[in-house]
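> one predicted model, sequence on top.
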Amino acid sequence: MKRKSISKDLSIVFVGLLCIPLFIPTTFNTTVLSSENNPMAHTINSHNNSLSELHRFPEGYLGKSFISEPCETAAVQNPIKEKPINPLPLNGGPMDSPWPMYSHDVRHTGLSPYSTVENPLTEKWRFLLSWDSFYSGPILDCSGTIICGADVLYGIYPNGTEKWRYNPGRTIESTPIDENGVIYFGTIWGQPNYLHAIYSNNGTQKWVYAVGNSITSSPAIGSDGTIYFADWSGYVRAVSPNGTQKWAYHTGDVITSSPAIGNDGTIYIGSHDDYVYAFYPNGTVKWQYQTGNWVHASPTIGSDGTIYIGSDDGYLYALNPENGSMIWRCNIGYTWCSPTLGPDGTIYLGVWEMKFYAIYPNGTIKWTYNAPGRIWFGSSATVSSDGTIFFGTTKQDGGSGALIALNPDGTERFKNTYGYFATSPAIGDDGTVYAASFNYAGMIGHLHAFGSLDPNAPIAPTITGQTNGKIKKTYTYTFTSTSPLENNIYYLVDWGDGTTTDWLGPYNSSETIALNHSWEKKGTYVIKARAKDTDNLWGPWGTLSVNMPCSYDKPVMNFLERVLERYPHAFPILRYILSQCKTFF
């Protein structure tokens, strides 16, 4: 086995992740099928790869520039046949909804048919998840329900309120939906783990299928309804819509990659044995291509059938779908993300070294964006029909990161720095962008909706109070908003110093509330407040700028206190001095 190094900053994170199973319950809220009803239950337990081994990294990948070498075009022995390849459908088996699965479709294009040109990217609402959303990105069904996983799977109405929840007893991975409105998803951090099938309209269970190790592979659904996925035991699996196994193939090493499906039914996936695999629908290997390191990432299929996939060796590969031969490779850096495609065929991909790339279909770099954090795990980009690129970043500081939107030329359009954004965003049919975040320090997650505010939402609060004052002194501020629907309202206040309130209320429409606050450091602060009503319609922010230039404590008193602390026996003398200094006070 090759020697790989693990970076120091990630070691702490992974040790913490390894401890998560100790705190996660292992019971379902519905009955789990027994081994009598599920012949594959509890049978695969021999490939229990350790977490430290799972997350190995190529030697020297940190601190090394992966674009020091030019992109390479291979002298291909068997190039793609000259006969044209029919354009591939965006959706094969998954439900024909705005965003039915990981990276939108079975090709993993990440390309939405909907535009975000008119989207102001204002936060419409924020839904609290009961655990961090480290792995699970949102999907949408035809009814507009948003589905997102954490330690439970949530069905969320378009207004950001809960529709249903399903508790699998494990942490959840991303989930596609098939044409019958059934959600398929895998779980991690348990023995065994399961592929779950539940109904999207009410969150009730259809069946579960047991495997012996974690599933971080997001399933893909074939045109006949077959569910393809993989697990850390190293098996690529095909399961029928009724929950019975059709076939399984063992690669011999961990698999975190998610399968993509070509228009001829070929299944493509990467493995930690360094290979990219192509399977016929019956489970036999069509070809396999060896990269220089593990393949954490998932493949993407171009409109001409070309397979794009990144490897831990630092290269993005373009492979011939006929025989797996390399067309070109581009040295961009270590990545676990899937490439995604723009409307013009541009390939978009983020890497660990805080870079985001746009690459022409011939393998040359179009532009590079310096990201404010690492682009990690499943945060593959999402592209709207107008070419806007959305992706998330993370920092190893306990919770900061960003959701970023770039224009097609690589200039920045939008950035939200609420928390870690480690999963792929989704785009609704009205152009709303949905993204899951988490705070690693607090182990909580949120689902965010960015779009246009409802015209019936409460108006921006009017804020009144002292605009110039002294630090460490408490001031009173009032907040007033009105609901056009005369609904009761709640207030959220951001004091501009890193502290915020929870939602306060309910209060009557137009009712004024008073809150007290003090600032600890000198500076100019912007108080922001917004209101939402009982229909969960969030209104715009109201603002008030305040200056706190003066210290409440007198400089002379601060000096004398320090003298007293250092020379306590001089107190009688200093008391006399203080009595002579009353004019200062």
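Yep, it's here.

> could you measure from the residue nearest the centre of the chain over to residue 491?
Nearest to the mean C-alpha position of the chain, counting by Cα atoms, centre = their mean, stands residue 423 at 2.0 Å. In this view, residue 423 and residue 491 are 30 Å apart by Cβ to Cβ, to the nearest Å. (Glycine included, C-beta is placed from N, CA and C.)

> before we move on, the earlier item: element containing the residue nearest to the centre of the chain?
Assigned by DSSP states H and E, residue 423 belongs to no helix or strand.

> my read: it touches residue 379, true?
Yes. With contact defined as Cβ atoms under 8 Å, residue 423 reaches residue 379; the gap is 6.0 Å.

> quick one: common contacting residues for those two?
Common neighbours of residue 423 and residue 379 (criterion: Cβ atoms under 8 Å, 6 or more residues apart in numbering): residue 392.

> now do the SS call for residue 460.
At residue 460 the chain is in coil, as set by DSSP: H, G, I helix; E, B strand; the rest coil.

> ok, it to residue 229 distance?
To residue 229, residue 460 is 46 Å away according to Cβ to Cβ.

> more crowded one of those two?
Neighbour count, other Cβ atoms under 10 Å: between residue 460 and residue 229, residue 229 has more, with 28 against 17.

> what sits closest to the more buried one if chain neighbours are left out?
Among residues not flanking residue 229 along the chain, residue 219 sits closest, at 4.1 Å (Cβ to Cβ, 6 or more residues apart in numbering).

> per-residue pLDDT, the one you found?
The score at residue 219 is 95. That number is its pLDDT.

> and residue 571, by the same measure?
pLDDT for residue 571: 57.

> just the helices in this structure please.
Secondary structure of the chain, counting by DSSP state H: helices at 8-19, 51-54, 555-566, 571-579.

> any idea which of these scores lowest on pLDDT?
Out of those, helix 51-54 stands lowest, with a mean of 32 (criterion: mean pLDDT).

> next up, the contacts around the residue nearest to residue 229.
Residue 219 touches 101, 175, 176, 184, 185, 186, 195, 227, 228, 229, 258, 259, counting by Cβ under 8 Å, 6+ apart.

> got TSV for these, with pLDDT and distance to residue 210 too?
Converted to TSV, these look like this (pLDDT from 0 to 100; distance: Cβ to Cβ, whole Å):
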residue	pLDDT	distance to residue 210
101	93	22
175	73	18
176	73	20
184	94	14
185	94	14
186	93	11
195	95	8
227	96	14
228	97	17
229	96	13
258	94	20
259	96	19
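
> let me know the closest of these to residue 313.
Taking Cβ to Cβ as the measure, residue 313 lies nearest residue 258 of these, at 19.6 Å.

> these two touch, right, the closest one and residue 227?
No. In this structure residue 258 lies outside contact range of residue 227 using Cβ under 8 Å: 11.9 Å.

> between those two, who's got more neighbours?
Neighbours were counted for residue 258 and for residue 227 using other Cβ under 10 Å; residue 258 has more, 29 against 24.

> can you report phi and psi for that one?
With angles defined as degrees, to the nearest 10, residue 258 sits at phi -110, psi 140.

> contacts only, for it.
Residues in contact with residue 258 (Cβ under 8 Å, 6+ apart) are 102-103, 108, 174, 217-220, 229-230, 269, 298, 338.

> again, 10 Å this time
101-103, 108, 173-174, 176, 186, 216-220, 228-230, 269-270, 297-299, 338, 378, 380 (Cβ atoms under 10 Å, 6 or more residues apart in numbering).

> list the ones among these that fall in strands.
Taking DSSP state E, the ones among these that sit in strands are 186, 220, 228, 229, 230, 269, 270.

> ok, back up a step: the residue nearest to the centre of the chain touches residue 138, doesn't it?
Yes. Using Cβ atoms under 10 Å, residue 423 is in contact with residue 138, at 7.8 Å.

> touching both of those two, which residues are there?
Common neighbours of residue 423 and residue 138 (criterion: Cβ under 10 Å, 6+ apart): 148, 149, 174, 435, 436.

> beta-bridge partners for residue 238, please?
Beta bridges link residue 238 to residue 228, residue 247 when assigned by DSSP bridges.

> scratch that, residue 198 is what I was asking about
Bridge pairing for residue 198 - DSSP bridges - gives residue 183, residue 205.

> the closest residue to residue 237 other than its chain neighbours: how many residues sit nearby?
Counting by Cβ to Cβ, 6+ apart, residue 248 is the residue found nearest to residue 237 once chain neighbours are left out, at 4.8 Å. Residue 248: 18 surrounding residues under other Cβ under 10 Å.

> against residue 223, how distant is residue 248?
Separation of residue 248 from residue 223 (Cβ to Cβ): 20 Å.

> what does the pLDDT read for the residue lying closest to residue 406 once chain neighbours are set aside?
Spatial nearest neighbour of residue 406, excluding adjacent residues (Cβ to Cβ, 6+ apart): residue 389 at 4.5 Å. pLDDT for residue 389: 97.

> show me what contacts residue 389?
Listed by Cβ under 10 Å, 6+ apart, the contact partners of residue 389 are 110, 340, 342, 346, 348, 350, 356, 358, 369, 381-383, 404-408, 410, 413.

> next: residue 256.
By Cβ under 10 Å, 6+ apart, the contact list for residue 256 reads 54-55, 173, 214-217, 230-232, 269-272, 294-298, 336, 377-378.

> ok, of those, which come out buried?
Buried residues within the contacts of residue 256, counting neighbours by 16 or more other Cβ atoms under 10 Å: 54-55, 173, 214-217, 230-232, 269-272, 294-298, 336, 377-378.

> just checking, which helix or strand of the chain averages the lowest pLDDT?
helix 51-54 (a mean of 32; mean pLDDT, DSSP states H and E).

> ok, residue 490 touching residue 505?
Yes. Between residue 490 and residue 505 there is a contact at 3.5 Å, judged by Cβ under 10 Å.

> state the distance from residue 462 to residue 529.
Counting by Cβ to Cβ, the gap from residue 462 to residue 529 is 9 Å.

> give the residues shared as contacts by the two.
Joint contacts of residue 462 and residue 529 (Cβ under 10 Å, 6+ apart) are 479, 480, 481, 542, 544.

> quick check, nearest of the residues you listed to residue 310?
Relative to residue 310, the closest of those is residue 542; by Cβ to Cβ it sits at 44.9 Å.

> now do the domain split for the chain, please.
72-451, 462-551, 556-584 (automatic domain parsing).

> and these, which is most packed in?
With neighbours taken as mean count of other Cβ atoms under 10 Å, these reach their highest mean count in domain 72-451, at a mean of 21.

> which pLDDT value belongs to residue 169?
The model reports residue 169 with a pLDDT of 87.

> surely it and residue 190 touch.
Yes. Using Cβ under 10 Å, residue 169 is in contact with residue 190, at 7.2 Å.

> would you check that residue 312 makes contact with residue 297?
Yes. Between residue 312 and residue 297 there is a contact under Cβ under 10 Å: 8.4 Å.

> so what sits against both of these two?
Joint contacts of residue 312 and residue 297 (Cβ under 10 Å, 6+ apart) are 270, 334, 335, 336.

> which pLDDT value goes with the second one?
Translated: residue 334. Note for residue 334: predicted pLDDT of 84.

> that one and residue 296 touch, don't they?
Yes. Shown here, residue 334 and residue 296 form a contact pair, counting by Cβ under 10 Å, at 9.0 Å.

> the shared contacts of residue 423 and residue 138 in strands, which ones?
148, 149, 435, 436.
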